[in-house]
Structures are given as C-alpha cells and as structure tokens.
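**Q** Return a 3D structure for these sequence lines:
(one chain, ligands or ions: 1)
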Amino acid sequence: MTDPTAAPPVLALRGLRKQFGQKVAVDGLSLDVPAGSMLGLLGPNGAGKTTTLAMATGLLRPDAGTAWVLGADVWQNPAEAKARMGVLPDGIRMLDRLTGAELLRYTGLLRGMPETEVVSRTGDLLDALGLADARDTLVVDYSAGMRKKIGLACALIHAPRLLILDEPLEAVDPVSGETIRQILRSFVDGGGTVVLSSHVMELVESMCDRVAIVAEGRLLAHGPLDEVRAGLSLQQRFLTLVGAHDLGTETLAWLRSS
Ligand SMILES: Nc1ncnc2c1ncn2[C@@H]1O[C@H](COP(=O)(O)OP(=O)(O)OP(=O)(O)O)[C@@H](O)[C@H]1O
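**A** Down below sits the predicted model:
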C-alpha cells in the first residue's frame with residue numbers, strides 16, 4: 001500500500017481496530033478508496049461494517065489505527081476531514097423536532113454555507129428527493145424511507161468530495177431508490193467518490209466499480225468488482241468467502257404443518 005499522506009486516496013483506512021468488551025468488532029482493517037470510485041462494503045450481519053464506517057467518519061474513536069480523508073487525518077484534523085465528506089450514518093439520530101426544510105437549513109448553516117446557497121440547495125434537494133410536499137412536516141413524523149432521504153440530503157448539502165453512506169437504500173421505495181441511484185451516479189461522474197454499505201448484491205453489482213467484503217471484522221477481499229467476483233456472481237462469491245449457512249432438513253421441522 002502507498003503512504004497515505006503522499007498521494008492520498010480519497011479515503012485511506014489503516015489498521016482500524018475496535019473492541020466492545022470481549023467482542024472484536026473490527027480487527028486491523030486497512031483499505032484505500034481511489035478518487036472517482038464507488039465502493040460497496042459488504043459483509044454478513046455483525047461483520048463490522050457500521051463500526052468501520054463510524055470510525056472512518058470520526059463518529060467512533062478507534063482503539064487503534066486511523067482514517068484519512070483526502071490526506072486529512074480524521075482524528076488529528078477532524079474539521080478539515082469532515083468538511084470534505086458527507087455522511088449518512090446507520091440508524092440516523094437526527095434533530096427530528098425540526099421540519100425537513102429546517103433540518104437542511106440547520107445542517108447547511110452549521111457547515112458554514114452562505115444563507116442564500118443553503119436556501120437554494122434546500123429547495124433543489126427536497127425537489128430531487130421527492131420531499132417537497134413534506135418540507136414543513138416534522139422529521140419525527142417522516143417514514144423510515146423519508147428519514148433516509150432527508151439524511152442523504154443533509155449529507156449532500158455542502159457538496160462534499162466523499163460520500164459515506166450506511167445502507168442508503170434501506171426502507172426506500174423503488175422510485176426514490178432510482179432517484180438516489182441517479183444522484184449517486186451523477187455525483188461520481190462529477191468526480192465525487194462514494195463508499196456505501198449494503199446487503200443488496202444487485203445494488204452493489206450495478207452501481208459499484210469496487211467492492212470490499214468483510215467478515216468478523218476482517219477484510220476478506222477488496223478490489224475492482226470484476227476481480228473480486230472472479231467469474232462468479234457477487235452473491236456466489238460472497239457466499240464462498242463468507243460461508244453459506246445451509247439449514248438441515250430437520251431445522252425448524254415443527255414449522256411444517258403435517
Ligand atoms: N456499541 C456497541 N456495543 C457493543 N457491541 C457492539 C456495539 N456496536 C457494535 N457491536 C458489535 O460489534 C459487531 C459488529 O457490529 P456492526 O454493527 O459494525 O456490524 P455490521 O456489519 O454493520 O452489521 P449489520 O449488517 O447487521 O448492520 C457486532 O457483533 C455487534 O454486536
């Protein structure tokens with residue numbers, strides 16, 4: 001791997017480790033994400049994806065290792081690193097006593113954007129994400145999918161160079177899902193870089209040019225999509241790497257009606 005401070009990839013993770021009690025959630029994970037790529041982070045439940053992304057974005061302090069965003073250390077230089085990225089965390093804890101429009105305005109102003117730009121981008125984002133009719137509705141009254149979309153809007157408002165998205169399409173309806181795919185594609189076409197976690201192989205296979213597969217906190221495979229797939233479908237490759245869980249015929253036999 002290259003020196004992350006020399007010619008920096010957009011996101012560089014080095015030796016990230018996090019332990020909760022006896023459980024090692026992330027175990028020495030290193031990863032480079034080059035500019036202009038869309039990386040899909042895959043792994044079974046409990047693999048350490050959310051923990052990794054939380055450490056990469058400065059939301060959770062690692063026990064060891066660090067993360068750089070465009071050469072800025074997320075822990076040594078958090079203001080610079082965070083100015084360059086937009087984050088959609090898992091299980092979004094947002095200020096839900098604000099309306100959608102108020103939340104975007106608050107987020108934009110907090111990012112130090114001029115008021116006129118905040119107002120115009122708020123309108124653009126609410127329109128693009130199909131939330132214009134809900135602009136004056138409290139976020140606490142939004143559906144799960146609407147919360148995901150307003151969270152994405154908050155991640156986008158300052159036009160970051162890197163987007164880090166935990167399960168961006170979870171709970172989102174197919175129409176909004178297509179809108180989000182289009183937004184992400186045009187973000188990458190414009191030179192942006194995306195890291196997203198997902199359990200949806202089709203999403204990763206159709207959108208991402210790079211894939212990282214983690215299990216038990218370790219990186220099992222990483223690289224361009226075709227290299228990682230190695231001639232298989234992503235689903236087959238994933239199951240081969242992670243280990244398929246085959247239920248025997250007697251498992252839950254009591255569910256059969258006769
Ligand atoms: N705050 C916490 N306290 C204790 N254990 C935690 C905490 N956060 C995560 N873990 C544990 O760390 C491991 C990794 O969790 P993590 O949420 O990162 O996995 P994940 O890959 O995002 O899973 P999923 O796909 O189910 O969302 C799991 O065993 C989880 O129970």
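
**Q** Please count neighbours and contacts with C-alpha atoms only from this point.
**A** Noted.

**Q** Check the burial of Leu95 by counting its neighbours.
**A** 14 (other CA atoms under 10 Å).

**Q** Count the residues that sit near the residue of the stretch 51-200 of the chain found nearest the ligand.
**A** Using CA to the nearest ligand atom, the point where the stretch 51-200 of the chain gets nearest to the ligand is Thr51, with a distance of 3.7 Å. Applying the criterion other CA under 10 Å, we find 22 residues in the vicinity of Thr51.

**Q** State the helix or strand in which it lies.
**A** Element membership for Thr51 (DSSP states H and E) is helix 49-56.

**Q** elements contacting that helix?
**A** In terms of contacts (3 or more CA pairs under 8 Å, 6 or more residues apart in numbering; DSSP states H and E), helix 49-56 is packed against strand 11-20, strand 23-33, strand 64-69, strand 162-166.

**Q** sorry, back to before: can you give me the separation between the residue of the stretch 51-200 of the chain closest to the ligand and Val87?
**A** Going from Thr51 to Val87 by CA to CA, to the nearest Å gives 14 Å.

**Q** And the contacts of stretch 15-22?
**A** Outside stretch 15-22, the residues within contact range by CA atoms under 8 Å, 6 or more residues apart in numbering are 24-30, 51-52, 55, 62-67.

**Q** chain center to it: distance?
**A** If you compare the mean C-alpha spot of stretch 15-22 with that of the full chain, they lie 20 Å apart, counting by CA atoms, centre = their mean, to the nearest Å.

**Q** Equivalent analysis for stretch 209-221, please.
**A** Averaged over its C-alpha atoms, stretch 209-221 has a centre that lies 14 Å from its chain's centre (CA atoms, centre = their mean).

**Q** So is it next to the ligand?
**A** No: Stretch 209-221 lies out of reach of the ligand by CA under 6 Å from any ligand atom, never closer than 7.1 Å.

**Q** Could the C-alpha coordinates of that stretch be exported in PDB?
**A** Listed next in PDB are the C-alpha coordinates belonging to stretch 209-221 (Å, rounded to 0.1, in the frame of the first residue of the first chain):
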ATOM      1  CA  ASP A 209     -16.900  -0.400  -9.500                       C
ATOM      2  CA  ARG A 210     -15.100  -1.600  -6.300                       C
ATOM      3  CA  VAL A 211     -16.100  -4.000  -3.600                       C
ATOM      4  CA  ALA A 212     -14.800  -4.800  -0.100                       C
ATOM      5  CA  ILE A 213     -16.100  -7.900   1.700                       C
ATOM      6  CA  VAL A 214     -15.700  -8.100   5.500                       C
ATOM      7  CA  ALA A 215     -16.500 -10.800   8.000                       C
ATOM      8  CA  GLU A 216     -15.700 -10.900  11.700                       C
ATOM      9  CA  GLY A 217     -14.000  -7.500  11.500                       C
ATOM     10  CA  ARG A 218     -11.500  -8.500   8.800                       C
ATOM     11  CA  LEU A 219     -11.200  -7.700   5.100                       C
ATOM     12  CA  LEU A 220     -11.700 -10.900   3.100                       C
ATOM     13  CA  ALA A 221     -11.500  -9.400  -0.400                       C
END
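
**Q** Cool, thanks, signing off.
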